[in-house]
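[1] structure, please.
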Amino acid sequence: QVHLVESGGGLVQAGGSLRLSCAASVTSFKLRAMAWFRQAPGREREFVAAIAWGGGTTQYGDSVKGRFTISRDNVKNTVTLQMNSLKPEDTAIYSCAAAPVATMVRLYEINDYDVWGQGTQVTVSS
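    Numbering: from 1, shown residues only. As a prediction, the model looks like this:
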């Protein structure tokens, strides 16, 4: 069975921090690129951050650069998104995604990921 489970969402004031985690039950986790996307009400799903399966390459959406950090633990099969200096516009449902095994993908491209979690709500109050 292949699935992703996100945790760590919640309500935080602007300027605060949250740490999201994604627990992955997927085959060959260390050989999959992993990413976070988010979707705010009435808006399309947006790329947030991704980390390549080699672990050495990361990519961030323009709106979160310098504030968010993605990391992975290939022993625990987890991906973490550290979010600092949060803004009200960061409010969204954040979803974790896994790419196919040992596949070179466009890290920012939603269609290159084939396993998705249910998402966790992040709300930033002003």
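[2] could I get the full set of strands for this structure?
    Secondary structure of the chain (DSSP state E): strands located at 3-7, 10-13, 18-25, 34-39, 46-51, 58-60, 68-73, 78-83, 92-98, 115-116, 120-125.
[3] in TSV: these, plus mean pLDDT.
    What follows is the strands of the chain, written out as TSV (pLDDT from 0 to 100):
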stretch	mean pLDDT
strand 3-7	96
strand 10-13	98
strand 18-25	97
strand 34-39	98
strand 46-51	98
strand 58-60	97
strand 68-73	97
strand 78-83	98
strand 92-98	98
strand 115-116	96
strand 120-125	98
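[4] just send those strands back as CSV, with mean neighbour count too.
    Where C-beta positions appear, they are placed from N, C-alpha and C, glycine not excepted. Below are the strands of the chain laid out as CSV (neighbours: other C-beta atoms under 10 Å):
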stretch, mean neighbour count
strand 3-7, 17
strand 10-13, 13
strand 18-25, 18
strand 34-39, 25
strand 46-51, 22
strand 58-60, 17
strand 68-73, 18
strand 78-83, 22
strand 92-98, 23
strand 115-116, 17
strand 120-125, 17
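[5] ok, residue 52 - contacts?
    By C-beta atoms under 8 Å, 6 or more residues apart in numbering, residue 52 lies in contact with 33, 58, 107.
[6] let me fix that, I meant to ask about residue 40.
    Residues counted as contacts of residue 40 (C-beta under 8 Å, 6+ apart) are 46, 89, 91-93.
[7] now the two most distant members of those residues.
    Spanning the widest gap among these are 89 and 93, at 14.0 Å by C-beta to C-beta.
[8] and the nearest residue to residue 100 once chain neighbours are set aside, how far from residue 124?
    Leaving aside its sequence neighbours, residue 100 sits nearest to residue 114 (C-beta to C-beta, 6 or more residues apart in numbering; 5.5 Å). Per C-beta to C-beta, to the nearest Å, residue 114 is found 30 Å from residue 124.
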